[in-house]
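Chemist: Return atomic coordinates for the entry below.
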Amino acid sequence: MYLDAPGSFTLLRFNARELPPIVVLEQVTGTVVLDRRTEVERYSELLDRIAVTALTPADSMAAIAAIRDRIKASHLPESRRPGRAGQPTLVPSTP
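Modeler: All right, here's what the predicted structure looks like:
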């Protein structure tokens, strides 16, 4: 999730010139459609910033795996957590 984003949104751009772009905000109480040029431009700029700072698919998978591993390790007793000096690293057994 991008921290500057006000929540989820969809920017719709149409091929037909007579149809200007719009932003759709889906909220718990309903859907809001923004069509004013200044509002749409703000969301377009936000989407550009998200695209520039987004991780690659491979980096995203690595980040998710690292978080998963930290969560799994945090559920182990302190004495069995990997990476502790003098402690063995747990290796899954194979059947």
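
Chemist: Confirm that residue 8 lies within a strand, as I assumed.
Modeler: No: counting by DSSP: H, G, I helix; E, B strand; the rest coil, one finds residue 8 to be coil, located in no strand.

Chemist: Report pLDDT for it.
Modeler: Per-residue confidence (pLDDT) for residue 8: 86.

Chemist: In three-state terms, label the spatially closest residue to it that is not a sequence neighbour for me.
Modeler: Distances taken as Cβ to Cβ, 6 or more residues apart in numbering put residue 26 closest to residue 8, at 6.5 Å, once the chain neighbours are dropped. To be clear about C-beta, it is placed using only N, CA and C from the backbone, and glycine gets the same treatment. At residue 26 the chain is in strand, as set by three-state DSSP.

Chemist: what's across from residue 26 in the sheet?
Modeler: Beta-bridge pairing for residue 26 (DSSP bridges): residue 31.

Chemist: mind checking how far it is from residue 37?
Modeler: From residue 26 across to residue 37, the span is 22 Å (Cβ to Cβ, to the nearest Å).

Chemist: related to what we said a few turns ago, next up, the contacts around the residue nearest to residue 8.
Modeler: 8, 9, 10 (Cβ atoms under 8 Å, 6 or more residues apart in numbering).

Chemist: between those, which is closest to residue 67?
Modeler: residue 8 (20.8 Å; Cβ to Cβ).

Chemist: And that closest one, how close does it get to residue 18?
Modeler: 28 Å.

Chemist: Residue 74 too?
Modeler: To residue 18, residue 74 is 55 Å away according to Cβ to Cβ.

Chemist: All good on my end, thank you.
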